[in-house]
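Undergrad: model the structure of this input:
(one chain, ligands or ions: 2)
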Amino acid sequence: MLKLTNENLLKSQCYIDGEWIDADNAETMDVLNPATGEVITSVPKMGQAETERAITAANAVQKNWAKRPAKERANILRNWFNLIMANQEDLAQIITAEMGKPLAESRGEVAYGASYIEWYAEEAKRVYGDTIPAPGDDKRIIVMKQPIGVIASITPWNFPNAMITRKIAPALAVGCATVMKPAEQTPLSALALCVLAEEAGLPKGLVNCVVGDPVAIGGEMTSNDIIRKLTFTGSTEVGRLLMRQSAQHIKKLGLELGGNAPFIVFDDADIDAAVEGAMISKYRNSGQTCVCANRIYVQEGVYDQFAEKLAAKVADLKIGNGAEDDVVQGPLIDDKAVAKVEAHLTDAVSKGAEIVCGGQRHELGRTFFEPTIVKNVTKEMKVAREETFGPIAPLFRFKDDADVIAQANDTEYGLASYFYAKDMSRVFRVAEELEYGMVGVNTGILSNEVAPFGGIKQSGLGREGSKFGLDDYLEIKYVLLSEI
Ligand SMILES: NC(=O)c1ccc[n+]([C@@H]2O[C@H](COP(=O)([O-])OP(=O)(O)OC[C@H]3O[C@@H](n4cnc5c(N)ncnc54)[C@H](O)[C@@H]3O)[C@@H](O)[C@H]2O)c1
Ligand SMILES: O=C[C@H](O)CS(=O)(=O)O
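TA: Numbers count the residues shown, from 1 in each chain. Ligands and ions are numbered 1, 2, ... in the order given. Have a look, this model is predicted:
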């Protein structure tokens with residue numbers, strides 16, 4: 001049972017135009033705890049009409065929000081950051097209850113998500129323009145940056161708090177208004193963020209949260225002309241669909257999509273460090289992150305040593321309900337996720353791979369799955385081409401640098417990549433040759449608010465975080481002054 005200190009954070013209604021309301025037809029949908037199957041609460045099942053009202057409400061207040069001095073916007077965002085951190089434990093309990101990740105990871109997610117609000121509260125005051133030498137002494141050129149306007153966001157279940165703040169913090173900082181749709185499996189974190197947004201002083205109507213039928217809500221977001229940008233985090237398949245739907249109105253898009261991260265261990269790597277890096281990169285959130293190592297390439301001279309050390313670490317992982325102390329591996333989000341993991345394993349073994357440890361559903365039942373290592377994996381297997389999104393570490397052998405770079409780049413994805421090596425010329429060459437938006441060198445985790453997070457190829461468009469993430473919510477306006 002979810003017990004909160006601040007019980008006002010657990011909401012069973014959606015937040016539109018500063019009001020907490022039910023669906024027009026009073027329909028609801030349950031929010032389940034994946035570890036126990038218990039119903040945490042129910043939330044409205046909204047659709048097109050409620051989404052349209054939310055967009056209209058956002059539009060009514062956006063321009064006044066943009067006109068407020070940047071320092072005022074910054075101070076209100078800072079208030080929000082402070083309130084989130086003051087309620088970190090409750091927000092973490094909500095994440096673990098609705099998504100299943102271990103409490104320690106949930107606490108980390110709350111701090112990570114809040115760091116984007118803190119960062120963009122500061123950046124709000126640094127939206128600079130340009131003056132350009134004009135083609136005539138009677139002319140002056142000014143370039144100014146203005147907020148895009150009303151933006152819509154659609155986010156996934158695996159980081160139900162941070163994927164929202166990573167989007168709306170820069171948007172609010174520059175003067176946009178927003179309508180968000182969290183994943184139907186994990187809406188409670190989004191609703192709790194709205195409670196604290198209101199308390200922080202964000203004006204009614206500026207932040208709206210609609211929960212319900214994704215197709216109906218997304219359909220309104222991609223067709224309503226008031227929405228000037230859709231920012232989506234989720235699968236490449238849905239991102240492609242939303243891109244197609246948005247094309248009709250030439251909406252700006254931010255797409256944070258699927259990954260297929262290579263994790264490369266060269267023979268000059270610190271093997272113990274590489275094992276530590278592989279553990280966090282592979283098994284964080286039970287392997288349910290877009291930047292998880294999806295393919296682990298180990299140079300043939302250190303392959304057996306790495307496999308043995310990794311298996312010893314995996315054996316120490318404690319599986320269970322994320323709300324229990326010391327648990328480091330929670331359940332997968334649903335049966336569909338388990339089915340995909342099992343399909344990848346069955347395919348790999350049928351094509352010659354060998355299970356080193358794990359390989360089956362955990363004795364706890366439900367959607368708990370044993371952390372797994374598979375060796376002698378080859379590029380003919382599904383794990384080489386598809387995002388597993390589960391706790392499987394597939395180990396590939398490689399001969400030399402050229403061989404592994406060719407294998408690593410042989411995918412339509414381009415989000416995160418990692419490698420462990422010491423030789424500096426190898427480090428620079430490999431980092432430059434990997435076709436990914438992000439490269440972690442001698443580390444298994446690379447996400448933070450000061451760096452531009454995002455991918456290339458079919459892993460997405462745009463960046464979130466860093467000074468680069470601000471531009472995604474700004475339009476450039478060129479003003480030519482004549483007869484001066
Ligand atoms: N690049 C990143 O930053 C990042 C971060 C987290 C997750 N992901 C990716 O997300 C995927 C897992 O998350 P998921 O299962 O929630 O993805 P998903 O694409 O199934 O769902 C993501 C969101 O899209 C909504 N959605 C689904 N169909 C829709 C439709 N037809 N119209 C409008 N909205 C729709 C869902 O309700 C949810 O809110 C993985 O591929 C993972 O790599 C990427
Ligand atoms: O799953 C996607 C998230 O972006 C992972 S991270 O927490 O940002 O690394």
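Undergrad: residues from the stretch 351-484 of the chain in reach of ligand 2?
TA: residue 447 (CB under 6 Å from any ligand atom). From N, CA and C alone the C-beta is placed, and that goes for glycine too.
Undergrad: any low-confidence regions in the stretch 351-484 of the chain?
TA: Within the stretch 351-484 of the chain, no range satisfies pLDDT under 70.
Undergrad: now the nearest residue in space to residue 320 that is not next to it in sequence: how far from ligand 1?
TA: In space, and not counting its chain neighbours, residue 320 is closest to residue 327: 4.1 Å by CB to CB, 6 or more residues apart in numbering. Residue 327 sits 22 Å away from ligand 1, going by CB to the nearest ligand atom, to the nearest Å.
Undergrad: which stretch of helix or strand covers residue 327?
TA: Residue 327 is part of no helix or strand, with elements assigned from DSSP states H and E.
Undergrad: for it, grab the count of nearby residues.
TA: Applying other CB atoms under 10 Å, we find 20 residues neighbouring residue 327.
Undergrad: go ahead and confirm it touches residue 100.
TA: No. Look at residue 327 against residue 100 with CB atoms under 8 Å: they stay out of range, at 10.1 Å.
Undergrad: the stretch 51-200 of the chain: strands as residue ranges?
TA: 130-132, 140-147, 150-154, 177-181 (DSSP state E, counting those that start in this stretch).
Undergrad: which parts of the second one are buried?
TA: Neighbour counts using 16 or more other CB atoms under 10 Å place 145, 147 of strand 140-147 among the buried residues.
Undergrad: again with stretch 239-259
TA: In stretch 239-259, counting by 16+ other CB under 10 Å, buried: 239, 242-243, 245-246, 251-259.
Undergrad: one more: stretch 471-484?
TA: 471, 472, 473, 474.
Undergrad: in contact with residue 468, which residues?
TA: Contacts for residue 468 (CB atoms under 8 Å, 6 or more residues apart in numbering) come out as residue 452.
Undergrad: can you check the one 10 residues further on too?
TA: With contacts defined as CB under 8 Å, 6+ apart, the neighbours of residue 478 are 141, 142, 143.
Undergrad: any idea how far residue 360 is from residue 39?
TA: 28 Å (CB to CB, to the nearest Å).
Undergrad: what does residue 103 give?
TA: Counting by CB to CB, the separation of residue 103 from residue 39 is 20 Å.
Undergrad: of these two, who's got more company?
TA: Taking neighbours as other CB under 10 Å, residue 103 and residue 39 compare with residue 103 leading, 21 against 10.
Undergrad: which SS state does residue 15 fall under?
TA: strand (DSSP: H, G, I helix; E, B strand; the rest coil).
Undergrad: ok, what's across the strand from it?
TA: Counting by DSSP bridges, residue 15 is bridged to residue 20, residue 209.
Undergrad: sec struct for residue 446, please.
TA: Of the three states, residue 446 takes coil under three-state DSSP.
Undergrad: I'd say it and residue 290 touch.
TA: No. Residue 446 is beyond contact range of residue 290, at 11.8 Å (criterion: CB under 8 Å).
Undergrad: which residues do these two both contact?
TA: With CB under 8 Å, 6+ apart as the test, residue 446 and residue 290 both reach residue 416.
Undergrad: neighbour count for these two, which is higher?
TA: Set residue 446 next to residue 290 and count neighbours by other CB under 10 Å: residue 290 wins out with 29 against 17.
Undergrad: contacts only, for the more buried one.
TA: 158, 233, 256, 257, 258, 259, 387, 415, 416, 459.
Undergrad: skip the chain neighbours and tell me the closest residue to the residue in the stretch 1-150 of the chain that ligand 2 sits nearest to.
TA: Going by CB to the nearest ligand atom, ligand 2 is nearest to residue 112 of the stretch 1-150 of the chain, at 6.2 Å. Take residue 112 and drop its neighbours on the chain: the residue closest to it by CB to CB, 6+ apart is residue 162, 5.0 Å away.
Undergrad: cool, residue 82 as well?
TA: residue 200 is the one closest to residue 82 (CB to CB, 6+ apart), at 7.9 Å.
Undergrad: same thing with residue 99?
TA: residue 186 (5.0 Å).
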